[in-house]
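*Asks:* Here is the input, now give the coordinates:
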Amino acid sequence: MLWPRGIDPDARPALAAWSKMGMSATHVWMLAAVLVPLADAHAERLPAARLPRAALVVGAVPGPDAARLALLRTELGARYLLLEDPRTRASLESVVHLPSPAERLGRALVRARQRLRRFDLAGVHDELREARTAAAQMSPTAQARALAAELGVREAELAVVEHDDAAAARAMALAISAAPSLQLSPGWYAPSLLSLASRTRAAAAAAPRRRSMIRTTPPGVEVTLGGALRGVTPFTLDDSPNLPELVWLTRDGYLARAEVLEPGADLNVSLQPLGESDRLAQLVDAVRGSEGERRLAAALALASALAVDVVLVTASDGSMPTAYARVSAPPPSLARPPIVAEKAEPASPRPLPPSRKPWYRRGWIWGVAAGLIVAGTVAGTVGYFATTPETVRLQFGR
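*Replies:* Next up is the predicted model:
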């Protein structure tokens, strides 16, 4: 080693050690600049295969803004492998609410009443026609049957105003078939409508019974009349009165239909299968519109449909979501385990634990390395400038 003249021979071993240490740390630093990016790329691939697949659902309207939602997805990415398909994400995270058939029917009835007050009969016909189209797409829930009964009463009211007795009797019969316990309040309806309801109910009780056949494509569709499940198609109705009836046809995976069964006639209906977007929209609406155990069931159904392990439901402010997880015992022969048990994680959202950094990402390690480099550089610099630049070759330790 070349030593500047004047360096104390006793200090030369220490200075040599510091110089070698600084050079070694410099080499390590340069090597790390190449290896750390490679290690990061490898680490990003390995944990992803072990993360549970998850779907993030905005559970309330209005939802968080795009910036908050993106930040939330970044935070959740440390624990979950989130779905990235744009169409699926639009259904899960979008808060654009499309009105349901029941909502469209209710709004059309409100507009029809307003037009009738202005004696705009043509406008009332248009609104009731739109309402009838929406009613044909509803499932036989209690709300749907009440709305269908109100629709029949409004159609009968319009027919009374237009002095169409046959249309009034038909409309009132449909109203009573939708809600057999229908009672009109004298304070809300005209005496002519009250009288029409009484006559129609008496006529339905006294009318001879007829046989009607209900067939559907596909078969096995549930048939509901007056709020009661009567059977599955092909279905023979032996006690059909000589009046029109409202029949609901429902089956999982298909759009519900409400059809009018004419007196003595058969009914043949083809149900339309639910599209993927329609099916997903129904599941998401079920999650958003429920709480407690009902939300748990809806979230698990959504998780099964999306083939994910966890459904994460966040509030409108974009706070940490509640996780509804499918618990399964994977058999060795199956790539994706079936559901053998299901439960939700605690309902109160818990913050995610801080992610643990790999050792090569910890600051103190590189702080020590930098200190060694600086110390070695300082030691060499001080030794060099301590004397004149004239040097001699000396053996180490002399």
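*Asks:* And Val223, which helix or strand is it part of?
*Replies:* strand 222-225 (DSSP states H and E).
*Asks:* Each with direction, which strands does the longest strand anywhere in the chain pair with?
*Replies:* Longest strand in the chain, counting residues (DSSP state E): strand 210-217. Strand 210-217 pairs in its sheet with strand 235-240 (antiparallel), strand 267-270 (parallel), by DSSP bridges.
*Asks:* quick one on the thing from earlier: what's the strand holding Val223 packed up against?
*Replies:* Secondary-structure packing of strand 222-225 (3 or more C-beta pairs under 8 Å, 6 or more residues apart in numbering; DSSP states H and E): strand 228-232, strand 235-240, strand 245-250. No exception for glycine: its C-beta is placed from N, CA and C like everyone else's.
*Asks:* a markdown table please, covering those strands and showing mean neighbour count, mean pLDDT and distance to Arg89.
*Replies:* Converted to a markdown table, the helices and strands packed on strand 222-225 look like this (neighbours: other C-beta atoms under 10 Å; pLDDT from 0 to 100; distance: least, C-beta to C-beta, whole Å):
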| stretch | mean neighbour count | mean pLDDT | distance to Arg89 |
| --- | --- | --- | --- |
| strand 228-232 | 13 | 92 | 37 |
| strand 235-240 | 16 | 86 | 42 |
| strand 245-250 | 23 | 94 | 30 |
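*Asks:* what about those strands, which gets the closest to Ala206?
*Replies:* strand 235-240 (13.6 Å; C-beta to C-beta).
*Asks:* Report the inter-axis angle for that closest one versus strand 245-250.
*Replies:* Computed by axes from the mean of the first three to the mean of the last three C-alpha atoms, to 10 degrees, the angle separating strand 235-240 from strand 245-250 equals 160 degrees.
*Asks:* Ala258 and Ala136: what is the separation?
*Replies:* For Ala258, the distance to Ala136 equals 5 Å [C-beta to C-beta, to the nearest Å].
*Asks:* sorry, back to before: so which residues make contact with the longest strand of the chain?
*Replies:* With contact meaning C-beta atoms under 8 Å, 6 or more residues apart in numbering, strand 210-217 is reached by 223, 233-238, 240-242, 247, 249, 251, 261, 263-271.
*Asks:* what about 7 Å?
*Replies:* 223, 233-238, 240, 242, 247, 249, 261, 263-271 (C-beta atoms under 7 Å, 6 or more residues apart in numbering).
*Asks:* Just give the closest residue to Gly106, not the sequence neighbours.
*Replies:* The shortest distance from Gly106 to any residue other than its chain neighbours is 6.1 Å, reached at Leu147 (C-beta to C-beta, 6 or more residues apart in numbering).
*Asks:* What is the neighbour count of the one you found?
*Replies:* Using other C-beta atoms under 10 Å, Leu147 has 24 neighbouring residues.
*Asks:* if we can go back for a sec, a markdown table for the strands paired with strand 210-217, including distance to Thr74?
*Replies:* As requested, these are exported to a markdown table (distance: least, C-beta to C-beta, whole Å):
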| stretch | distance to Thr74 |
| --- | --- |
| strand 235-240 | 54 |
| strand 267-270 | 47 |
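*Asks:* if we can go back for a sec, strand partners (parallel or antiparallel) of the strand holding Val223?
*Replies:* In the sheet, strand 222-225 lines up with strand 228-232 (antiparallel), strand 245-250 (antiparallel) (DSSP bridges).
*Asks:* in stretch 141-149, what counts as buried?
*Replies:* Ala144, Arg145, Leu147, Ala148, Ala149 (16 or more other C-beta atoms under 10 Å).
*Asks:* go on, stretch 88-95?
*Replies:* Arg89, Ser91, Leu92, Glu93.
*Asks:* Where does the prediction get shaky in the stretch 1-150 of the chain?
*Replies:* 1-50, 61-62, 95-97 (pLDDT under 70).
*Asks:* got a list of contacts for the host helix or strand of Arg87?
*Replies:* Applying DSSP H and E as the criterion places Arg87 in helix 86-93. Helix 86-93 is touched from outside by Ala55, Leu56, Val57, Val58, Leu69, Leu83, Ser277, Leu280, Ala281, Val284, with contacts defined as C-beta under 7 Å, 6+ apart.
*Asks:* Distance to Ala102 and neighbour count added to those, as a markdown table?
*Replies:* Formatted as a markdown table, the contacts of helix 86-93 follow (distance: C-beta to C-beta, whole Å; neighbours: other C-beta atoms under 10 Å):
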| residue | distance to Ala102 | neighbour count |
| --- | --- | --- |
| Ala55 | 26 | 27 |
| Leu56 | 28 | 21 |
| Val57 | 22 | 25 |
| Val58 | 22 | 23 |
| Leu69 | 29 | 17 |
| Leu83 | 30 | 17 |
| Ser277 | 19 | 12 |
| Leu280 | 19 | 19 |
| Ala281 | 15 | 15 |
| Val284 | 17 | 22 |
